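Visitor: The following comprises the amino acid sequence and a computationally predicted model.
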Amino acid sequence: MDNLDGAGRREVILQRLSAAEGPVSAATLATELGVSRQIIVGDVALLRAAGAPIMATARGYVSAPGAGVSRVLACVHPPEGMEGELNAIVDQGCEVVDVMVEHPLYGQLTGNLGLRSRYDVGQFLLRCAKSEARPLSLLTEGVHFHTIRGEDAAALDRAEGALEKLGFLAR
């Protein structure tokens, strides 16, 4: 796919992300398109500025279609509850779009997650363990928010009910 101009390259990026079943890294796109990773990062920035529904996750870019419905849930649990919380959401057919905390100094801090399955949750937890990264919720004594997305309100209700049963909803 060499010799594409910028507009053509950005169209290919949109098509590739829409067809992908999971995140696609900038390095992968760069290799496929015969350009540098920095060119891809710039192209994605331009696409997002133009309104393209692209979300950056720790594993790469994903198309974030507007299909379905979303809800923000307030949660609280100790760090060892993270796996149970995330699995409870994806087990109900919902995506964990992000995690947010309200920091007293910095305001809202958000981390994009894009977790859609137990496999995604497992990979996320593996990356956490390998990097020794600490969850954002440790900054706020376990209190945090998740944007979840599902096919319909019933899916969101199921996920909320599952978190309620675990005692992870903050009221």
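Guide: Sure thing, it's come through.

Visitor: C-alpha from now on. contacts and neighbour counts both.
Guide: Fine.

Visitor: Which other helices and strands does the helix or strand bottoming out on mean pLDDT in the chain contact?
Guide: The helix or strand of the chain with the lowest confidence, counting by mean pLDDT, DSSP states H and E, is strand 54-57 at a mean of 83. With contacts taken as 3 or more C-alpha pairs under 8 Å, 6 or more residues apart in numbering; DSSP states H and E, strand 54-57 sits against helix 37-49, strand 60-63, strand 107-115.

Visitor: and it, which strands flank it?
Guide: The strands beside strand 54-57 in its sheet (DSSP bridges) come out as strand 60-63 (antiparallel).

Visitor: helix or strand right after the strand it pairs with?
Guide: strand 69-76 (DSSP states H and E).

Visitor: In the helix or strand that that following strand is followed by, which residues are buried?
Guide: As assigned by DSSP H and E, the chain's next helix or strand after strand 69-76 is helix 82-90. Neighbour-count burial for helix 82-90, counted by 16 or more other C-alpha atoms under 10 Å, picks out 82, 85-90.

Visitor: what angle do helix 82-90 and strand 69-76 make?
Guide: Here helix 82-90 points in a direction 160 degrees away from that of strand 69-76 (axes from the mean of the first three to the mean of the last three C-alpha atoms, to 10 degrees).

Visitor: can you give me the offset of helix 82-90 from its chain's centre?
Guide: 14 Å (C-alpha atoms, centre = their mean, to the nearest Å).

Visitor: list the helices and strands that helix packs on?
Guide: For helix 82-90, the packing partners by 3+ C-alpha pairs under 8 Å, 6+ apart are strand 95-103, helix 118-131, helix 153-166.

Visitor: repeat that with 10 Å
Guide: Identification of packing neighbours for helix 82-90 by 3 or more C-alpha pairs under 10 Å, 6 or more residues apart in numbering; DSSP states H and E yields strand 69-76, strand 95-103, strand 107-115, helix 118-131, strand 143-150, helix 153-166.
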